[in-house]
Structure formats: C-alpha cells, structure tokens
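> Everything below, folded, please.
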Amino acid sequence: MKKRVVLTVIIVLVFGGLLCLQPERSMAANQTGVVTATSLNVRTGAGTTYAVLQYNGAEVKLSNGTKVSIAETLPGWYKVNFTYQGAALSGYVSSSYIAIETAATATPTPTPVATSVTYRTETTYKAICVPAKLTKASSLYKSNGKKRYTISKRAITLSKGKSVKILGEKVIKGKKWFKISFTYKKKTRKAYVRNTYVKMTLKTSANARIANVKKIARVHTKKGTTAPYKKSGGKAVSLTKGTTVSITKDVILKKTRWYKLSFTYNGKKLTGYVNSKYVKLTKKAVTKKVPVIALSDAEFEQAMKNEGFPESYKQSLRVLHSAYPYWQFKAYKTGLDWNTAVNAESKTGVSLISNSRGKAWKSTAADAYDASTGKWKVFDGSTWVAASRAAVAYYMDPRNFLNDRSVYMFEMLEYQPQYQTKAGVNTILSNTPFYNKTFKYKDLTTGASKTMYYVDAFMEAAKNSKASPYHLASRVKQEVVTSATTTSSAVSGTVSSYPGIYNFYNIGATSSSTPVLNGLKWASDTKAGTYLRPWTDPYRSIVGGAQYISSGYIAKGQNTCYLEKFNVTTYKRYEHQYMTNVEAAYEEAIKTKKAYAGMMDKSPLVFSIPVFENMPANNSPMPG
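Numbering: from 1, shown residues only. Below is the predicted model of the structure:
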C-alpha cells in the first residue's frame, strides 16, 4: 500500500511540471512564528483527529499575524506556546499556516574611515534617433498608415533629399513604416512614411534588434541573397530572435534594403549583411551602477505617499522597511477594478490548484465540478483542477504577502551582479539533482564536447539574458525538480518521442494530459531557429530558455513572478501567463528568499507591488 502512495506522488510531480505542490516550510524549534491563516485552530495533539483546544468554554483560534513560540517540530505540525486572552497557553498547530520570523542583521553604521556604499544596477533606454534622408518625394501619413498627415487641412509631401530623424517603426499589414521627425515651416513635426523611401545617413552605428524572425536570419558576407553566407567555426552564422546588433550601413539592391550589421556571435565580434525586414530598430539599453541610500522613517513615509500606496499596504511595508532599510517599494498601479481582475483570473482553467486541497480551495463551477459525482475536472496532469475564486483572490491580494518570506514574488527580475551571486544560485540548487553537478554539452561555435557546472550555466544565462539568476534557478526548481535526487522527464533527454531534447523551464508545456510532451515538442522546434533551439543539451535549454523568459515576459512588462502568473499588465492581459498554478508565484518567492539568506538587509532590492482599484478594506482571507 505504501508503494502505491509513493508512486502517486511521483506521477503528480512529473506531470505537474508547470505546476507546483505545497509551499516549503521552515522547520525549526526555538524560533518565533507568525500565523498566516485568517483563523487557525489550536489542537490538543499533532493532527486533525485531536480536539480543538478549549479556553473559557470556547475553542482557541489564533488570528492572522499572531506570534507564537515554536517549542517542538513534528511532521506537518508545530507545538507552540502563545498568549491568549492574557493567559499563557500551549498547543499544536499545522505548520502550513506558520511563517518563521527571520531577524534582520543590524545595518552597519558607516564610519569616516571606511564608508560602505550600496549599489544597484539600473537600465535606462535612450530614445531612437537615427539621422536619415528621403530617397524620393514621399507622402506623409498618420500612425495607421491610411490617413494622410495634414497641416491646416493640407496633405504634406516631403521632397527627395529631405533630412529627417527616424524615431521608431511599426509594421502594418506586412509593410514597414518609419516614424520620423522633420522640420516644416520652422517647426519640428512627426509623421509616418514607408521605410522604402528612407535611407539612414550613418556617421555612427545605430542600435537595432533582430525581431519578429519567422525563420532563421542568416548573415551574408555581402548584400544580396546570392552572396555567400558568413561563417564562424566552419558553420553559417544565423542570428536568433532578440540578438542585439548595430547597423553600420544602409544599402539598397534591386529595391531590397540591406543592413550591414556589427554584432557579437559566440564571443566574437563579426560583421555581415541581413535583409532589413529581419531587423527592428529599438531603444538603446544603458546599464549603470547607481548608489542606493537607506531612507529614514520620515523619508519612507513620504516615499509611500508619493508612490500612492493605499493605507492597507502601509503597515506591512513599514515593518519591512524597518528590517531592510535599503529595500525600495514601487506601486504598480494596474488601473483595474479588483473584482473584475479576480473574476478574469478565476475563469475556469486559468488558475489551477492541486486536487488534494480542501473543497474551499477548488472551484465548484459547472464546468469545473460534477456535483452528481462530487468529482473535479482535471485540467493538467492527473491532479490539477480549477482553483476557487476565493483561492484566486487570496493569492492575488498583494497584502497577504508583504512579509520578508514571500515579498519576493514582487521583486523586479533584472540581473543584479552586485548581489545576485553564484553562491546564492547554489543555495537555490541545494537539495536538487543539479547541486554541485556537471553536464556535457556541445560548444555553439566549434561543436566540441565540453563540461559545465549547472550553477555556471545559470550565471551565464543571467549575463546573456539580463534576467535574475535567482529567478531562473527558482523557476527550474519549481518546474522540473521532483525531489533531491529526481527530476521531471522534461530534462532527462530520454523521452522516446523526443530523444535528446531538454526543457528546463517547461516552456510550451501547456495544460493538458501530456504537458511534458507539449514542452519537449516546443523545445525540439528546428524551424524557428530562436532561443538556441532545438534544445539538444542542458546548456541550450538553460541559456536559450532564459532568453525566452527575458524577451517574452520580462521585456513585455511581466517583470515580477506575480505578473508572470497574474498578468494584469496591458500586454495580452489575463492571457499571456507563464504558469497556471495559482500558488506558483508564492512558492518561487520562498525559494528566492533562501538565496538571499544572510544578505537580505544589505541588498537594495526593488519590489513592484500591484495596486488595484476598489480593493476590499481587509486582506482577502485564506479559503477554509
């Protein structure tokens, strides 16, 4: 019988790769814990079969935020001491609803002899401003490419040779348009013109980005499709979606525009020609280190006011600021009505939860639950069912997670080399099959067989994608690690349908009865030629998958774990969501906290915390 139980758990983990089980809990006696449930029963023994503790003729229930002293740890339970109605009592509570309180180390006081400055990496973007000239007389249009641009009701046409500046571009019905600025009657104006009539006058390189590549963008040694392909290490050079390049020449051959590009390929500086249809102008990213100053209490109060945090957020933020004065909190104002957002995320199939949860956590909607049989419809793997509206509201309400244990679901996901370290990634990978382990892969340039530690692969992925290595490692641990020694078949390389294919982030593993196979199919795609696919070794999957997460989510504005689950941004709102597990953002936050252990108070973390319109006065309660 025991063997059957163990087998069931393994199946849940393997086929629920996109989803996760119960949150990890810290199990340590002689520590202080905080109640996270709305109302927590205290029992006379370690188990639900024991009666609820009585005091003055009534059951003892601890409210959210109550502090307890942990006297003993048992499987799934704590024996706790606490004060209740003025009396000192003890009893047993479920460890699932107790958060271990971590004391912050004292912030060192700077001295004139050795002043310690805390830095954070920040990225800003320079506006596109490329000098150009018109190659022929051109009519100007408004942004839709249909209506003519007019001044005083007169349609404007610019003459051949007119100097302009390219500010951006867009594609309308397969045709590329440049947004330009120009001088007309001594005033600077803006309009749109077909890109075929504009030639860049490049005295210096202009930044561009390969984007919207429908097939591999091969690089030629000269302009024209008949020119030989550029080679590196004996192989033709192909630029993948998201590759950053610099345009050094803008030339036309038989009415086709070609760009001469300068770019880095497998660590080497190369040049070559690409059809302009594969290149999209972007803003230039400028990364710099900036000093971060710890705010006084008065300055922090003003900062919260300036950000526009509601009163119901502020007390929790004050507690965090007191412990971690270098932390910064930004209000992400969604502009969305709270109930509207919760209803959208509660739509059947959008947010899932383990069927092992109690009834209050699971949806009883007609398309999610069969009242005649008392069974829930499975949407993913073998056990993942639709979450209840109450469960969605609980995990969507940011106020439930403004503590130093789970606030990391709001951490902005930029790579911060000052404090996101190899040691921190190793902490996340501890108790997994990837800890202190190596893998073999083929060098992208030479094809030679090499060996690399997993931790180094995550650090390289972070440098390449500019995404937090803690986020990347936590995501992999969330998606494919099933125990300290086992993983999902998504990273075994031995699935018969897709032999030698790996998918460390479970990208493309959409909710179905076979999510792992869906993910491996996506990872094996050889047509797109993007994100280093096909993922024929762990290196390609870890580094290429990081590129996908960075460009597909973080760059789209879903730059926190919360927003990757609950997409309340303007980009494909409520649809473009990385995971369906309603608890996933919370669970990843717990893993991230472990990486910061011992240096949280010294790290200038930035948290982007969603704020909704018409939120309830009190936190959304935990179901049941």
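> I figured residue 144 hits residue 172, correct?
Yes: counting by CB atoms under 8 Å, residue 172 is a contact partner of residue 144 at 7.1 Å. No exception for glycine: its C-beta is placed from N, CA and C like everyone else's.
> Same drill for the two, tell me which one is more crowded.
More crowded of residue 144 and residue 172, by other CB atoms under 10 Å: residue 172, with 14 against 10.
> Identify the residue nearest that one in space, chain neighbours excluded?
residue 145 (4.3 Å; CB to CB, 6 or more residues apart in numbering).
> Quick check: that neighbour vs residue 166, distance?
Plainly put, residue 145 is 16 Å away from residue 166 if you go by CB to CB, to the nearest Å.
> Residue 526 too?
In terms of CB to CB, residue 526 sits 35 Å off from residue 166.
> per-residue confidence for residue 507?
pLDDT, residue 507: 92.
> Next, the contact list for it, please.
For residue 507, the contact set (CB atoms under 8 Å, 6 or more residues apart in numbering) comprises 519, 522-523, 545, 548-549.
> Quickly name whichever of those is closest to residue 202.
residue 548 (31.1 Å; CB to CB).
> That closest one: which element?
Secondary structure from DSSP states H and E places residue 548 in helix 538-552.
> Same check on residue 463?
Per DSSP H and E: helix 454-465 holds residue 463.
> Quick one: distance of that helix to the chain centre.
Centroid displacement of helix 454-465 relative to its chain, using CA atoms, centre = their mean, to the nearest Å, is 16 Å.
> cool, stretch 472-485 as well?
Here stretch 472-485 is found 15 Å from its chain centre; the criterion is CA atoms, centre = their mean.
> In it, which of the residues would be classed as buried?
Using 16 or more other CB atoms under 10 Å as the test for burial, stretch 472-485 gives 472-482.
> Show me what the helix or strand that comes right after the helix holding residue 548 is in contact with.
Using DSSP H and E, the next helix or strand after helix 538-552 towards the C-terminus is helix 561-565. With CB under 8 Å, 6+ apart as the test, helix 561-565 has contacts from 332, 398, 408-411, 413, 471, 553, 557-558, 569, 577-579, 581-582, 584-585, 588-589, 592, 608, 610.
> Out of the residues you listed, list just those in helices.
471, 584-585, 588-589, 592 (DSSP state H).
> Just among the residues you listed, which is most surrounded?
Most surrounded of those: other CB under 10 Å gives residue 471, at 31 neighbours.
> what residues are up against that residue?
With CB under 8 Å, 6+ apart, residue 471 has these contacts: 411, 413, 549, 561, 588, 592.
> now do 10 Å
Shown in contact with residue 471 (CB atoms under 10 Å, 6 or more residues apart in numbering): 408, 411-415, 420, 428, 458, 462, 546, 549-550, 554, 559-561, 564, 588, 591-592, 595.
> ok, now residue 314?
Residue 314 makes contact with 300-301, 304-305, 321, 329, 402 under the criterion CB under 10 Å, 6+ apart.
> Before we go further, it is sitting in a helix, right?
Yes: under DSSP: H, G, I helix; E, B strand; the rest coil, residue 314 sits within a helix.
> Model confidence score at it, please.
So residue 314 comes in at 96 (pLDDT).
> now residue 412
93.
> Could you check how many residues crowd around it?
Residue 412 has 18 neighbours, counted by other CB under 10 Å.
> if I read this right, residue 349 contacts residue 367, doesn't it?
Yes: here residue 349 reaches residue 367: they are 8.3 Å apart, a contact under CB atoms under 10 Å.
> Which neighbours do these two have in common?
With CB under 10 Å, 6+ apart as the test, residue 349 and residue 367 both reach 377, 386.
> who's more crowded, the two?
residue 349 (16 against 11).
> what's the closest non-adjacent residue to residue 427?
residue 595 (4.9 Å).
> any idea how far the one you found lies from residue 519?
25 Å.
> The two - which one has more neighbours?
Neighbours of residue 595 and residue 519, each counted by other CB under 10 Å, are more numerous for residue 519; the result is 28 against 25.
> so the more buried one makes contact with residue 525?
No: counting by CB under 10 Å, residue 519 does not reach residue 525; the two are 11.2 Å apart.
> shared neighbours of these two, which are they?
Joint contacts of residue 519 and residue 525 (CB under 10 Å, 6+ apart) are 501, 508, 535.
> Turn those residues into JSON lines, including secondary structure and distance to residue 276.
Compiled in JSON lines, the shared contacts of residue 519 and residue 525 are given as follows (DSSP: H, G, I helix; E, B strand; the rest coil; distance: CB to CB, whole Å):
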{"residue": "501", "secondary structure": "coil", "distance to residue 276": "34"}
{"residue": "508", "secondary structure": "coil", "distance to residue 276": "30"}
{"residue": "535", "secondary structure": "coil", "distance to residue 276": "30"}
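> Which of these sits closest to residue 117?
residue 535 (40.9 Å).
> Near the closest one, how many other residues are there?
Other residues close to residue 535 by other CB under 10 Å number 30.
> Check what pLDDT it gets.
95.
> Does it touch residue 544 like I think?
Yes: look at residue 535 against residue 544 with CB under 10 Å: they come within range, at 6.2 Å.
> what's the overlap in contacts for those two?
502, 504-505, 507, 523.
> Farthest pair within these?
Farthest pair in those, by CB to CB: 502 and 507, 11.0 Å.
> Run through the stretch 201-350 of the chain and note the low-pLDDT ranges.
Judged by pLDDT under 70, the stretch 201-350 of the chain has its weakly predicted residues at 204-207, 209-216.
> in it, which spans are strands?
Along the stretch 201-350 of the chain, counting by DSSP state E, counting those that start in this stretch, strands occupy 206-210, 217-218, 231-232, 235-236, 238-239, 244-253, 256-265, 268-275, 279-281, 284-292, 328-337.
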